[in-house]
Every structure is written in C-alpha cells, then in structure tokens.
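Engineer: quick one, what's the 3D model for this:
(2 chains)
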Amino acid sequence: MAKRLGELEQFLLYALVALGDEAYGASIHREIEARSGRSLLVGAVYTLLDRLESRGLVASWVGEPTAARGGRRRKHYRLTPAGARLLLVAHEEHHRMVRGLGSRLARLAER
Amino acid sequence: MRRSDRPAPPTPPRLALWLLERLPADLAEHLTGDLLEELARRSATQPRRARLWFWRQTLGALLGQRRRASRERLPGRVAGGGEMLHGWLNDLRIGFRLLLRNPAVTLPVAATLAIGIGATVTMYSITRGLLRDLPVERPHEVVAIAPIDARLGTSGGVLVHAADVAALRRAQTSFRDVAAYRRGSFRVSEARGGDTSVEARRYDGAEIVPWTFVLLGVQPAIGRDFVPEDLLAGAPPVAIVSHSLWRELFAADPRALGRTLRVDGVEHAVVGVMPERFGFPTLQHVWLPLDLRQAELRGDADLDAFARLAPEVSLAKANAELAWLAPRLPSAESRAAGAADRLVVERYTERFIGSDAGPLLYTMLAVVSCVLLIACANVTNVLLARSVGRAREMAVRTAIGGGRARIVRQLSSEILWLAGLGGVLGAGLAWVAVDWFDRVLGHRIERFWVELAVDARALWFTAGLTLLATVLAGLAPVLQTLRADVSGALRDAVGSVSSFRLARTTRALVVAEVALACVLVVIASLMARGASWLGAREVGFDTRAVLAGTIDLNEADLPDAPAALAVMERLRQALVERPELGGVAFVSRAPGLETGAAPVLLEGEVYAEPEDRPRAQVRRTSPELFPLLGVAPARHARFDGGGRVLDGRDRAGAVEVAVVNVAFAERWLGGQSPVGRRIRLVDFEEGIWREIVGVVDDRGSTLAEGRPAPGVLVPFAQAPAFRFTVLGRLDVGEEGIGGEGAGEAAATAALRAAVAGVDPRLLIDELASVHQWIHDETTPQRTLGLLFAVFGAAGLSLAAVGVYGVLAFSVSRQTREIGLRRALGAPTEQILLRALRSAFWSLGLGVAIGMGLAMLVAPLFGQLLFGADPRDPVVLLSVPLVLALATALAATVPAARATAVDPLTALRAD
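Structural biologist: The predicted model follows:
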C-alpha cells in the first residue's frame, strides 16, 4: 500500500478531479481557494504536484503559450489511475469516519 | 480573445518578475504564467490587493524553493562556485532567523538605525529640495542680474531700467543673451463670446521678452512660444498659460489653443501651454509678451533682468564686465553722483532662495548627521557587546575547524539584515517627515523648481553609509574574536580576556557619543528656544480680539491719492456704525507682523556707511490705531513726557509728522528723547523731513527675536497708500453674543458687508484675527524649529539610551568582580560609587568636548537661532544634566542589581 495522502495533497487531487482537462497551476489554485476557502501559495501547489508526480499519482504535460500569461506555457496535470485509487481510498476512509457525526459535532462546537 | 471594453492587463511588478526568473527554468515559466493570469483576474476588482498578492506569491515561491534546494543538497556536497553563493544565501537566512529569535537586540538596533537614517535623509531631502536647479537646459548658466542698492547694500527687490537692459544686451560679451521680465498679478477669466459676467480671479503672471523661453531652453508643451511678430502694432494680443492654469480654466482641453482669455480686461488668445511644474520666474501662471523697445521708450524702470552665461564664462568674469559696464548704462546719468549703483550677477536660484541658504542648510545637515553618527555608535556598541557574549561560540566553531571566512560571512549577514531593516524603517520615517514638511511649508515657498520629496539619492547614500558603518561596526568585534586566543576563550568563558580592550573601546564610544549629542542638542535647543519666542509673540494686546484683512483700492480704479483717502474715510464711517465692531483702524501692515526694516535718517546725524543708518519698521496708520490697541505716549521724563500720538490734526498739508516707539528711542538714540527731532524715511518717500511728535509704548510693534523692534508710525493722511490692512476689534460686550466664534463670525460679516457697501468692486482679503496672521507668518521658522527640536530629542534619547546600554553592559560584566568585593565585605555604597565614578569620567570628557564643539558651531547658525543667544545658560546647563541623569541611571541600576545578588551566585556568573 502506498503512503497515505496528506490533507493538502487530497485537496489537490480533488481539484484535479473537478477540473478534468483544465487543470493547471492557476486553475488548481483557484479551485482549492473557491472550494475550501483556504488561500495558499501557487508555488506550494507546484511543490506538492511535483511530489505527487514523483510518486506516480499525477501526470503532467505542457500546453501552448498564451497571451494572458505573457507568452508562457501552461503545465497541465491529470490524475493517474494510481492517484485516483489512492484518493478514492482516502475519500472512503473519510466518509466512513464522519458518517452520522456531523450534526452532533456541530452541536458540540456551538457550546 | 480580448474584449474591447476590458481594461488593459495590469503591469506586474518588474522586480517580482525578475525574482521569479531566478527559479528553475521550467517552474519559472509555469508559475509566472499562472501568477500573471491570476493577477489579471484579481486586478479587475482590487488592483492594489492583487499586486500585494502577486508579491506574496513570488516571495513565498522563492522561499519555498530555497527550502527545497537546501534540503536536497545537504548531504555530502562539495563546495563550488555556485555553492559559495548558495552559502551566502544560506547565511542570510540563518542571520535572519537569529535576528528573529533575538528581538531584544534586533528591534532596538533597527529602530536606532531607522531614526538615524530617517533624520539624515529628511534633512538631506529638504536641503536638496530647496537647493534644486532650475528645470531648464544647463541650469547653472542661468543667472540673475540685479542692481545693488547702495543705500541698502543688498540686491533685494531692486529693479532694472528697460533702457539699461537694452543697452546691456548690445554691449555685453559675457552672456549668450540678456532677457527681462516684469512680475505682476493679473485678473484672469475665460472670455466666452462677449459674456463678461464670468468671475475673474487673480493669478501671478509675468510679462516676458519674447526670447525668454528660448534662452531658458524650455518650450511650451502645447502650442507655440512667443514670436517677435506678437509685438507688431495691430497684432492680436496673445498669452501663454501654465499647465495648472490650463487644467483649471480649460479642464486640460488640448483644443484650448486659440481660446480667449480676459487678462486685466483685455482679451488675449491662448497660444501655448507650458510644461508641468514650470512657472518662471518664480511661480507664475500667465505670460504676456513684453516689448522691450516700447518699455524703453516709456522709461519703464521696474524690470527684472536675467541672462544665460556664454560658454566658458565664469560668474566672476561676468561680474567684472558688469562692474565696468554699469556706470556707462543709460540710467547711470540720472542717478545722483557718487551713488553709482552696481550690477551683480548671481546664480538665478540663489537670488530667489538666498545665497546664504546653501551653507546654512548644509551646516544643518551636518548637525543632523550627528543623529546618524550617534545611531551608528549605538549599534557598534550593541554588536560589540553581543560579540563578546558570543566569543565562546566563535571559539568553539574555530576549534572544531570552522573556517574563519565562513564565520565572518555569517556574522556579516546578520549585520546586513540589521542595516536593511533599519534602512527600510528609516526611509519610511523620512517619507513621513518630508511629506509633513511639504504639506506645512511647500505651498509657501512659491518657487516652481523647489520640490520637497524624499530624495532617492539621499536614500541610497545614507543607506550605503549606514551599511558601511554597520558592517565596520559589526566586523571590528568579529575580527577581535577571531584574533582572540581560542583556548583562552574556551577556558575562560568570556569575561577577562577581552574585557579590558572592550572597556577601552566602549569608553571611547561613550565619549564620542556624548560629544555628538551635546553638539546636536545644544543647536537644536537653541533653535527650538528661538522658535518658541516666535510662536508666542507678545505684542501687548489681545491679538485674538482684533481682526485684520487687506484691501486693495487699485481694484476700485481710483484717479489719485486724495481719492484713495476719500474712499478710506467712507470706509471708516461705514465701519464705525457697525455695532458688531468695537473699533476700527487702518494700518499699512497688521501689528506684530514683519514689515522689513527700512533705513531712516535722523537730522543732524552723519553716517559714514549706508549700513550705519538706523533701521525701523515703518507703518502708515490712521489715528484710530492708538485707541484701538491702547497705544499711548511713553510718559517718561527721559522722553519729555512722551509727546503725543497721531491724531486728526495730522492731515495732508499740515506739518509732516511721525511717532516712534520706545524701542526706536532706546536702540538709535541711546534712550534720549527724540521728540522734536526730525526724521527722514529714505526708502519710503523722497525728500520729506518729518517731525517726531511723540514716543509711544511698544504695543503693536513688530517683534524681532522676541523683542519689540524699532518702529516708526506715519499718518495715512500724509502718506496715502492704495493697499492697506483694516483692523476691526471684536465688540466683546458684557454678555457676549454667544461665544467667541459667534462674535468673530459676526464681525467678519460686518466688515465684508461694510466694504462691499462702500464700493462693490472692493474686496476684503485674507480676513483673519491678528493672532492667526502672526501664526501664519511664523510658520516656516516654527516648522524648522520643531523639526530640529525633534531631531534634537531623537539624538539626545539615542545618546542617553546608548550611554545607558554601554554602561549597563560593562557594569553587568563586572558582576563577578562585584560579587567578589561583596564577599570580601565591601559596602554597597562603595561599589555603586565606583561604578558611577568611572561612568562620570567618560561623561565629563564627552560633555567637555561636545560643549566646546557646540560653542564653535552655534554662531554659524546665526539667524536660524531666531535670536537665541548661543551662550544661553539654560540650554548649556540642561543638556549635560539630562545626559548626567541617564549616566547615573545607567551605572546605578545594573550595579544595584549586581549588589542585590547573593555574592556566591555573582561569583559563579560569567
């Protein structure tokens, strides 16, 4: 069994799921911010993606240069089957863990 | 695809882009692209926050990258060229962390540096701002040509004959060309097709010869310059306007050319708009062409001349030529024999800023630099103390084979951080201070080339200086530790080896610091003391209860002086009837204000030199001034009972009279009575001897350097003027009319109504209480004084903190010794006294040197001290006292702490 995924790594992979073909640094960053409300460094996104890529969980390809980026190319990412499996494991673990606890937790937090 | 209505993409910070390029190539490309994309998206709503975000992302990426790189490289690397740089960066990071971990050291050091840098940059920026060059081609060649007034010995306010300018232009060889202008103020409004109802406003302007702008090398930003054809008979009148007037009147409309401006009632076509920030000769907004030939024919004698030096001609050479030419100029014939005026050539900016401003400002700068020096001394001390504390660390590192270069590098990286932090904070401080100075004073200077802003060059220079000073300060102790015997340092912990040398160095620093602080604080206190006198002018009456406003009868288009007197009389009657006013008077300049000391002659006295003549503040006044302010004859036997004040008898045609104040009699007549003697106001009127009919008390006199200045009062009826000041006393009834403000508002309205009732063309201008007038007049001096007081306080507190720090450190290092003494039975007082004695030796030496220096430097400040005596005992005593207190505290507290400790513990301390 591969090493478990960290929280941010999970966030990243979920973003890849959400974005499909349109996943590259800026859009991933935006997606995570929009979904989780957390702000993070774009540089950190790349660091994490690098690490995930070296573990074979994501794959990347380089796109075409665009004007909005000052003629710079995008680096696109997608989930590999291994990455998807690992994320699914984490997703299910999480679900099993939280099932039926949400409202009780909210009540506890209110006090 | 870009939609056409979308704003242009924001420009990313260039420095950030450059930094991003430092990342590994592939990451740089993708990341930068992403950031640019996001920047564009975020800028649409919040451009400023977007830029901030961009910066945070950039720095975050760089730091992250470094972290990753160092993690990857750590095991078993061999040093190469890249490694050297990497090592530096690494050291910088370590230095930064050490500083963060040590805020007790970092913050005071950075704050100290910031104050030093801030003060110096502020003063430097102000100095450079005031002494800027004209924004024209080769500004150093542009000179003013001004006649020296033989009577005054100055060139201030003396004007040139048109005939002289024309003759000079033909005869001279020193200048590329000579030009002339006449300054004035014009009523300007935009003329819209015969509609004259548009309200005119007054603007400063100048009539200039058509080659003025060519000679300066400045061309209109829009439209054309004046051409000789503009002067031809029948040519349509033309005008050029300033950039700001163009914005104000024409809303910066590029089609403003050819529109018509009504200037003093005559329609002029606008042919040009000058560039921004241009207002030659001083701060003018409208230019009309001046026909020098016509002026010559008319015999105009109210021009200002300027010229551009020919290549390779020095000021001295030009002056020599003018000295020869001046007596041969047309106007020389009309002048009285022996009164041959001279023409002098001076740098254009010097004429309007004052030639003594440069040396004065640079001396101020030198004195303010003391703050920086004190700051550097403080930082040296702290670092020195710290290096001693770290001697053991260094020794260990050396012993286990740490390269010395590496150690030096790491220590200096810490210092670089300190200097950088101090520099940034200092720049911020300077920005705030200069901005404040500009807001308070900028608009009062009225010289278009002056620009008060933080000078980038000053910032770099000072930052460089501080860096150098800090590095030297920081490295000296480093080298000292490196020299130190390793085994000795290890064995002996820190104390004894270096403590003697340390003591000598710190003592020298304390002496230097105290001396510098003395110079700075003495000058600052003298200035502040002088300035405080200005602020609290005691003019002998309640200045808040008297309103003053100016009236210009020129606006009413009167034929002659008697007509002006008639209007004044009508005004007086209209004002007297007003119940809101408790009395009115007319005076040429409001009481307490400076009018300029004019030379006078006393009958029977002979003056060898023009400079020997008495000088006095001459005012015209109506007789009502005396009851209004409560000015009365000085009933004193010395003055023959004081004579009388001016009254209704002193009308035109009667014997010409004047009264003088007590200060005049004291200063120029040695306290004898001037009553009955005759006086002539040479600058003021020609050939009239006035009989002095009274000596009055100094109430309402101009204050010079905190004391009433010699003054002369003459009646308006015998010396009419078109411009004067109306004084109105608030009628403070027993009940009041509902508070102070209400009374003032009612009186203001009454004054305005009465003036408008006499003639609707007349306006009462600048209406404010005399208190406000005086306050405004003294703002520049008070601002400078305050600025200097702040510098002084900063310097003194830095010095006090520095002295405290050094002494506290050196005393605390003696903890072991104190413990030993206590163990041997020495009484506490004796130990305290010992600590104090050595501290006061350094203090005494520093004060002696500093006071000596201050006494040498203070007289250089002359007028800036605003009359404070450079040997003012209050100042000279209080400065050492403050320092002595700091010293006593600095020596006592740590010593007391040391004596309070159990001797056994103290002995074990290192």
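Engineer: OK, contacts around residue B:768?
Structural biologist: Applying CB atoms under 8 Å, 6 or more residues apart in numbering or on different chains, we find residue B:768 in contact with B:547-549, B:776. Any C-beta I mention is one placed from the backbone N, CA and C, and that applies to glycine too.
Engineer: those residues in strands, which ones?
Structural biologist: Among the contacts of residue B:768, DSSP state E puts B:547-549 in strands.
Engineer: nearest to residue B:280, of those residues?
Structural biologist: Residue B:280 has its nearest neighbour among the ones in strands among the contacts of residue B:768 in residue B:549, at 31.2 Å by CB to CB.
Engineer: name the nearest of the contacts of residue B:768 relative to chain A.
Structural biologist: Chain A has its nearest neighbour among the contacts of residue B:768 in residue B:776, at 51.5 Å by CB to the nearest CB.
Engineer: secondary structure element holding the nearest residue to that closest one once chain neighbours are set aside?
Structural biologist: Of all residues not flanking residue B:776 in the chain, residue B:768 sits nearest, at 7.8 Å (CB to CB, 6 or more residues apart in numbering or on different chains). Take DSSP states H and E as the rule and residue B:768 turns out to sit in strand B:764-769.
Engineer: shaky segments in the stretch 701-850 of chain B?
Structural biologist: B:705-706, B:732-741, B:810-813 (pLDDT under 70).
Engineer: report the closest residue of the stretch 1-150 of chain B relative to chain A.
Structural biologist: Counting by CB to the nearest CB, the stretch 1-150 of chain B gets nearest chain A through residue B:61, at 2.9 Å.
Engineer: if we can go back for a sec, mind putting the contacts of residue B:768 into CSV with neighbour count and distance to residue A:79?
Structural biologist: Converted to CSV, these look like this (neighbours: other CB atoms under 10 Å in any protein chain shown; distance: CB to CB, whole Å):
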residue, neighbour count, distance to residue A:79
B:547, 26, 82
B:548, 27, 83
B:549, 20, 82
B:776, 13, 74
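Engineer: which of the residues you listed scores worst on pLDDT?
Structural biologist: Lowest pLDDT of the contacts of residue B:768: residue B:776, 78.
Engineer: surely residue B:682 meets residue B:614?
Structural biologist: No: if you go by CB atoms under 8 Å, residue B:682 and residue B:614 don't touch, sitting 10.4 Å apart.
Engineer: residue B:276 - nearest residue in space that isn't next to it in sequence?
Structural biologist: Closest residue in space to residue B:276, ignoring its immediate chain neighbours: residue B:243 at 4.3 Å, by CB to CB, 6+ apart.
Engineer: phi, psi for that neighbour please.
Structural biologist: phi -60, psi -40 (degrees, to the nearest 10).
Engineer: what about it, neighbour count?
Structural biologist: Counted with other CB atoms under 10 Å in any protein chain shown, residues neighbouring residue B:243 total 19.
Engineer: that one and chain A, how far apart?
Structural biologist: Relative to chain A, residue B:243 is positioned 36 Å away (CB to the nearest CB, to the nearest Å).
Engineer: give me the pLDDT value at residue B:157.
Structural biologist: For residue B:157, pLDDT reads 52.
Engineer: could the ones in strands among the contacts of residue B:768 go into TSV alongside distance to residue A:10?
Structural biologist: Formatted as TSV, the ones in strands among the contacts of residue B:768 follow (distance: CB to CB, whole Å):
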residue	distance to residue A:10
B:547	77
B:548	78
B:549	77
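Engineer: closest to residue B:90 among those residues?
Structural biologist: residue B:548 (69.6 Å).
Engineer: hmm, residue B:771 and the closest one touching each other?
Structural biologist: No: using CB under 8 Å, residue B:548 is not in contact with residue B:771, being 9.6 Å away.
Engineer: so what's the residue in chain A positioned nearest to chain B up against?
Structural biologist: Closest residue of chain A to chain B, CB to the nearest CB: residue A:43 (2.9 Å). By CB under 8 Å, 6+ apart, the contact list for residue A:43 reads B:31, B:57, B:60-62, B:64-65.
Engineer: kindly recompute the last result at 6 Å.
Structural biologist: B:60-61, B:64 (CB atoms under 6 Å, 6 or more residues apart in numbering or on different chains).
Engineer: pretty sure it belongs to a strand, no?
Structural biologist: No: counting by DSSP: H, G, I helix; E, B strand; the rest coil, residue A:43 is not part of a strand but helix.
Engineer: which residue in the contacts of residue A:43 has the weakest pLDDT?
Structural biologist: residue B:64 (77).
Engineer: what does the model give the nearest residue to it once chain neighbours are set aside for pLDDT?
Structural biologist: Spatial nearest neighbour of residue B:64, chain neighbours left out: residue A:43 (4.9 Å); criterion: CB to CB, 6+ apart. On the pLDDT scale, residue A:43 is placed at 87.
Engineer: count of neighbours near the residue of the stretch 1-150 of chain B closest to chain A?
Structural biologist: 27.
Engineer: from the chain's centre, how far out does the lengthiest strand in chain B sit?
Structural biologist: Looking across chain B with DSSP E, the single longest strand is strand B:175-190. Centroid separation for strand B:175-190 versus its chain: 28 Å, with CA atoms, centre = their mean, to the nearest Å.
Engineer: so which elements touch it?
Structural biologist: With contacts taken as 3 or more CB pairs under 6 Å, 6 or more residues apart in numbering or on different chains; DSSP states H and E, strand B:175-190 sits against helix B:162-171, strand B:201-208, helix B:212-216, strand B:260-263, strand B:304-309.
Engineer: outside of the shortest one, which residues touch it?
Structural biologist: Contacts to strand B:260-263, defined as CB under 6 Å, 6+ apart, come from residues B:186, B:188-189, B:191, B:239, B:267-270.
Engineer: partners of the helix or strand just after that strand in the sheet?
Structural biologist: Using DSSP H and E, the next helix or strand after strand B:260-263 towards the C-terminus is strand B:266-273. Applying DSSP bridges, strand B:266-273 is found paired with strand B:222-223 (antiparallel), strand B:238-241 (parallel), strand B:260-263 (antiparallel).
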